[in-house]
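**Q** with the input below, show me the fold.
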Amino acid sequence: MFSISTDARGNVLLAGRFDASQTDQARQFFDRISDSATVDFVALDYISSAGLGVLLATQQRLKKDGKALKLIHMNPLIRDVFRIARFDLIFHIE
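**A** Numbers count the residues shown, from 1 in each chain. As a prediction, this is how the structure comes out:
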C-alpha cells in the first residue's frame with residue numbers, strides 16, 4: 001500500500017511501497033508542486049526505480065526555476081538505493 005499527502009507544514013509525506021503501480025498517483029501529486037518542497041520518507045518502506053523516476057522528473061522540472069526537493073528521514077535501505085543510483089548527488093538528503 002502507498003500513500004502520499006501533505007502535512008500542516010507543507011511537507012510531502014510518503015508512506016508504504018512506492019513502486020511502478022503507484023507512479024500515476026505520485027506523478028499527479030508531484031506535478032502540482034511548483035516551489036521547493038521537503039519530502040519526508042519516514043513512513044516509506046520501499047522505492048522502486050519507477051518511484052525514483054518520478055522524483056527525478058520533479059527535481060529536474062523544479063531545478064529549471066531554481067527550486068528543488070529536499071529529502072528527509074530515509075531509512076538506511078532507501079538511502080542505499082539513492083546512493084547506489086548516485087541520486088545523492090542530485091538531491092539534498094538529510
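**Q** tell me, how many residues neighbour residue 31?
**A** 12 (other Cβ atoms under 10 Å). Bear in mind the C-beta positions are built from the backbone N, C-alpha and C, glycine included.
**Q** where does it fall, phi/psi-wise?
**A** phi -60, psi -20 (degrees, to the nearest 10).
**Q** skipping its backbone neighbours, what lies nearest it in space?
**A** For residue 31, ignoring the flanking residues on the chain, the nearest one in space by Cβ to Cβ, 6 or more residues apart in numbering is residue 58 at 7.8 Å.
**Q** report the central residue of this structure.
**A** The structure's the chain has its C-alpha centroid closest to residue 55; by Cα atoms, centre = their mean the separation is 4.7 Å.
**Q** what strand or helix carries that residue?
**A** Assessed by DSSP states H and E, residue 55 sits inside helix 49-63.
**Q** can you give me the buried ones in that helix?
**A** 51, 52, 54, 55, 56, 58, 59, 62 (16 or more other Cβ atoms under 10 Å).
**Q** what's around residue 29, how many residues?
**A** Neighbour count for residue 29, taken as other Cβ under 10 Å: 16.
**Q** am I right that it is in a helix?
**A** Yes: the assignment for residue 29 by DSSP: H, G, I helix; E, B strand; the rest coil puts it in a helix.
**Q** how near is the spatially closest residue to residue 17 that is not a sequence neighbour to residue 2?
**A** Excluding the flanking residues, the one nearest residue 17 by Cβ to Cβ, 6+ apart is residue 46, at 4.4 Å. According to Cβ to Cβ, to the nearest Å, residue 46 and residue 2 sit 9 Å apart.
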